[in-house]
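Student: Provided below are the primary sequence and the corresponding predicted coordinates.
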Amino acid sequence: MVDDVVYMKRAIELAKLATGHTSPNPLVGAVVVKDNTIIGEGYHHKAGTAHAEVHAPCALRIIEAGIAKVIVGSTDPNPLVSGKGMELLREAGIEVVCPVCSDECAELNEHFFTYIQTGKPFVTLKSAMSLDGKIATSTGQSQWITNESSRRDGHVLRATHDAMLVGIGTILADNPQLNCRLTDSELSDALLDKSILDEPITIHQPNVIILDSLGRTPTTSRVFEINNRKIHIFVSKGCPKDRIQALEQVGAQVTVVESISTRKSKSTDIVIDIKKLSIDDILTKLGELGYTSILVEGGSAIISSFVETKNFDKVVTYIGNTIIGGNDATPAVGGRGFESLEVSPQLTFTKTKVLDNNIRIEAYRQGRRGTYVHGNR
Ligand SMILES: NC(=O)c1ccc[n+]([C@@H]2O[C@H](COP(=O)([O-])OP(=O)(O)OC[C@H]3O[C@@H](n4cnc5c(N)ncnc54)[C@H](OP(=O)(O)O)[C@@H]3O)[C@@H](O)[C@H]2O)c1
């Protein structure tokens, strides 16, 4: 039904008003319609507050209110609640239509759907690179390879993820603040369909995660300048205690995780055994802490660890209008790489966009797009 789609699209836009604020819950919106007129609408504002259907009515209240028909975008894959609300409604003789706009709903809640099924956050890898795949020049210059439009778009990613993650190499090289620097109305311009809803979205500042085996993050780093967010630093068992104490004193939450071997040289006379913090352990810990989504911004070594362990769901790449070249320039993905195409991760490209004179490419690791709603695609 055309009307079902129109009202569902409005419910989706309403849900987006809480972008970044509902984690670890999903984004939920609802509209109540009588005689083709909207008589009530709402959305889930924030974790800990009532769900959207309470701002409009919840399953039992829907029954009490004598509502005749309920249109559902997608079911909640959480095994504790999946399909139960719909069952209640159907038993009460209410007509239930599901799904409507399921692709849009799957995209809206891709972070939550992954988290609730795997217990780990949805991982997006983001890089800003030259056409030839470099993220910094041989002298370490990376600001700015991409233009302002790309960088603004990157800030939308920051606002839509629970936390962003970088390596100590990036902290030491760039001393970044790692915050979202958009206004509420800029974020709303980027996320909402203005023909349906035109309201500012309150910016959510992502928490920050730093992978730093030895606790080398300077306590004067600019990441500590931003208030009202958490800084998690993952360190190895070998991290000096005084470094842990110093970082905790400036407000960081320090967590010790296992280190694992990432590379063993095949050379007969030299054995190289480089140990790096275990990405699997870190994602498990982040899931336990309730993180549903992580934006991995780099640098090269960190991205390579997520790629090599296939711990990513989505890739967003910005290509600047330049070619850097040179074997010593930093590649977007460093590390050892894959030795054969059979084992390298395959991607499903979903969107490309020209941002002024840059290109934005969005892809999913094959099988990760909407996996939990539709099965692999
Ligand atoms: N254009 C872009 O999109 C972009 C974005 C970010 C950074 N950059 C650039 O990238 C450069 C920094 O990249 P980078 O490769 O030198 O540093 P990095 O990836 O930021 O950090 C690497 C360091 O993180 C630590 N680490 C902890 N666990 C790790 C794991 N599992 N895997 C990998 N590393 C782990 C290691 O140090 P420990 O052994 O001490 O723990 C490692 O040396 C800078 O030039 C920066 O400007 C560009």
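Tutor: Great, that's in hand. All values derive from a computational prediction rather than experimental measurement.
Student: could you use CA atoms for every contact and neighbour count after this?
Tutor: Fine.
Student: point out the residues in the chain that sit beside the ligand.
Tutor: Contact residues, the chain versus the ligand (Cα under 6 Å from any ligand atom): 127-129, 135-136, 140, 142, 166-170, 173-174, 211-214, 276-279, 297-302, 305.
Student: run through the stretch 151-300 of the chain and note the low-pLDDT ranges.
Tutor: The stretch 151-300 of the chain contains residues with pLDDT under 70 at 263-273.
Student: what segments of it are helices?
Tutor: Ranges of helices within the stretch 151-300 of the chain are 168-174, 184-191, 241-249, 279-288, 300-308, based on DSSP state H, counting those that start in this stretch.
Student: buried residues in the fourth one?
Tutor: It stands for helix 279-288. 279-280, 282-287 (16 or more other Cα atoms under 10 Å).
Student: could you do the first one as well?
Tutor: Of the residues in helix 168-174, those scored as buried under the neighbour-count criterion (16+ other Cα under 10 Å) are 168-171.
Student: grab the longest helix from this structure for me.
Tutor: helix 2-16 (DSSP state H).
Student: can you tell me what sits against that helix?
Tutor: 27-31, 41-44, 71, 73, 100-101, 104-105, 108, 191-193, 196-197 (Cα atoms under 8 Å, 6 or more residues apart in numbering).
Student: and the next helix or strand past it?
Tutor: strand 29-34 (DSSP states H and E).
Student: if we can go back for a sec, now the buried residues of helix 279-288 as TSV including distance to residue 18?
Tutor: TSV is the format used below for those (distance: Cα to Cα, whole Å):
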residue	distance to residue 18
279	29
280	29
282	27
283	24
284	26
285	25
286	22
287	21
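Student: state the pair within these that is farthest apart.
Tutor: Farthest-apart pair in these is 279 and 287; separation 12.2 Å (Cα to Cα).
Student: got the helices of the stretch 151-300 of the chain as a markdown table, with distance to residue 3 columns?
Tutor: A markdown table is the format used below for the helices of the stretch 151-300 of the chain (distance: least, Cα to Cα, whole Å):
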| stretch | distance to residue 3 |
| --- | --- |
| helix 168-174 | 49 |
| helix 184-191 | 23 |
| helix 241-249 | 54 |
| helix 279-288 | 38 |
| helix 300-308 | 43 |
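Student: between these, which gets nearest to residue 23?
Tutor: helix 279-288 (11.4 Å).
Student: okay, the angle between that closest one and helix 300-308?
Tutor: 90 degrees (axes from the mean of the first three to the mean of the last three Cα atoms, to 10 degrees).
Student: now do the buried residues in stretch 353-373.
Tutor: For stretch 353-373, using 16+ other Cα under 10 Å, the buried residues are 355, 358-360, 362-366, 368-370, 372-373.
Student: repeat that for stretch 306-322.
Tutor: 306-308, 311-321.
Student: wouldn't residue 111 be in contact with residue 290 here?
Tutor: No: when contacts are counted by Cα atoms under 8 Å, residue 111 is not listed as touching residue 290 (11.6 Å).
Student: these two - which one has more neighbours?
Tutor: residue 111 (29 against 18; other Cα atoms under 10 Å).
Student: which elements pack onto the one helix or strand that one maps to?
Tutor: Using DSSP H and E, residue 111 sits within helix 110-118. With contacts defined as 3 or more Cα pairs under 8 Å, 6 or more residues apart in numbering; DSSP states H and E, the packing partners of helix 110-118 are strand 122-129, strand 293-298, helix 371-374.
Student: rounded mean pLDDT for that helix, please.
Tutor: Throughout helix 110-118, pLDDT has a mean value of 93.
Student: just the CA trace of it, in CSV.
Tutor: Taking Å, rounded to 0.1, in the frame of the first residue of the first chain, the C-alpha atoms of helix 110-118 are listed here in CSV:
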residue,chain,number,x,y,z
GLU,A,110,22.5,-2.0,10.9
HIS,A,111,24.6,-1.2,13.9
PHE,A,112,22.0,-2.5,16.4
PHE,A,113,21.2,-5.6,14.3
THR,A,114,24.8,-6.7,14.2
TYR,A,115,25.4,-6.0,17.9
ILE,A,116,22.4,-7.8,19.1
GLN,A,117,23.2,-10.9,17.2
THR,A,118,27.0,-11.1,17.6
